[in-house]
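> Output the structure for:
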Amino acid sequence: MPSTTTPLRTEVLPRPDSLVPPMAVDVPVSWVPTPATDAVLAGFMDDGTLSPAYGTNIVLTGAALPEGIGLEDWQITVRDRQLSALPDLQVLDDRRLPALGGDTSAEQWYHCSVMTDRHGATVLTRRWNRLVPGLGLTLTLTTLPLLDAEHGDLFDAIAASWTITEPTTEERADDHA
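Here you go, the predicted structure:
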């Protein structure tokens with residue numbers, strides 16, 4: 001099925017007991033959920049519709065960050081760790097994206113890289129990163145380079161659909177009460 005006609009469903013996250021603000025992301029209706037853990041808020045995997053050879057997936061993660069760390073400093077730290085731990089990682093793109101809707105609190109960082117996975121396949125990983133008070137949130141999409149070339153419009157639509165509802169000032173005050 002061509003990516004431009006792939007039907008999508010909206011997934012609302014995270015778990016109700018989480019300190020992460022509510023998020024939503026559109027995923028293809030045929031993609032199946034993957035188990036969540038402490039760091040992994042949600043994940044979804046292609047059911048083989050895009051390719052029977054590889055399970056393209058998206059994962060939403062959250063990490064506590066030191067107070068006052070900015071988006072760029074966080075991403076420099078992440079990039080340095082990856083480059084030192086993953087010997088064949090090749091960074092293709094690594095940059096700040098324009099703020100969503102002109103709202104500087106909605107700044108994003110985009111990172112794209114390729115590397116060899118544990119099975120010997122060359123995989124392409126695209127990450128969109130955002131900050132909310134005290135947390136770094138990341139949407140990661142992992143696929144094969146040829147699948148990215150063929151279904152890039154679908155993957156871009158998934159990333160563009162990712163929304164975060166930040167708590168109001170009153171809600172933040174209630175959390176610290």
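
> Low-confidence stretches in this structure?
Scanning the chain for pLDDT under 70 picks out 1-4, 14-17, 100-105, 166-177.

> Could you point out the longest strand of it?
The single longest strand within the chain, with elements called by DSSP state E, is strand 122-132.

> what sits up against that strand?
20-21, 54, 65, 70-71, 74-75, 78, 92, 97, 106-117, 136-145, 148, 155, 159, 162, 164, 166 (Cβ atoms under 8 Å, 6 or more residues apart in numbering). All C-beta atoms are positioned from the backbone trio N, CA, C, and that covers glycine.

> In helices, which of the residues you listed appear?
Mapping these onto helices (DSSP state H) picks out 71, 74-75, 78, 145, 148, 155, 159.

> quick one: residue 141 from residue 87, how far?
Separation of residue 141 from residue 87 (Cβ to Cβ, to the nearest Å) stands at 22 Å.

> out of these two, which sits in the busier spot?
Neighbours were tallied for residue 141 and for residue 87 using other Cβ atoms under 10 Å; the higher tally belongs to residue 141 (21 against 8).

> which residues sit in contact with the more buried one?
Contact partners of residue 141, counting by Cβ under 8 Å, 6+ apart, are 56-58, 125-127, 155, 158-159.

> Recalculate using a threshold of 6 Å.
58, 126, 155 (Cβ atoms under 6 Å, 6 or more residues apart in numbering).

> And residue 25, by the same measure?
Residues counted as contacts of residue 25 (Cβ under 6 Å, 6+ apart) are 11, 161-162.

> Go again with 7 Å.
Taking Cβ atoms under 7 Å, 6 or more residues apart in numbering as the contact definition, residue 25 lies against 11, 60, 139, 158, 161-162.

> quick one, what contacts the nearest residue to it once chain neighbours are set aside?
Once flanking residues are discounted, residue 25 sits nearest to residue 162: 4.7 Å by Cβ to Cβ, 6 or more residues apart in numbering. Contact analysis of residue 162 by Cβ under 7 Å, 6+ apart lists 23, 25, 128, 139.

> just residue 22 next, same as before
When the contact criterion is Cβ under 7 Å, 6+ apart, the partners of residue 22 are 12, 165.
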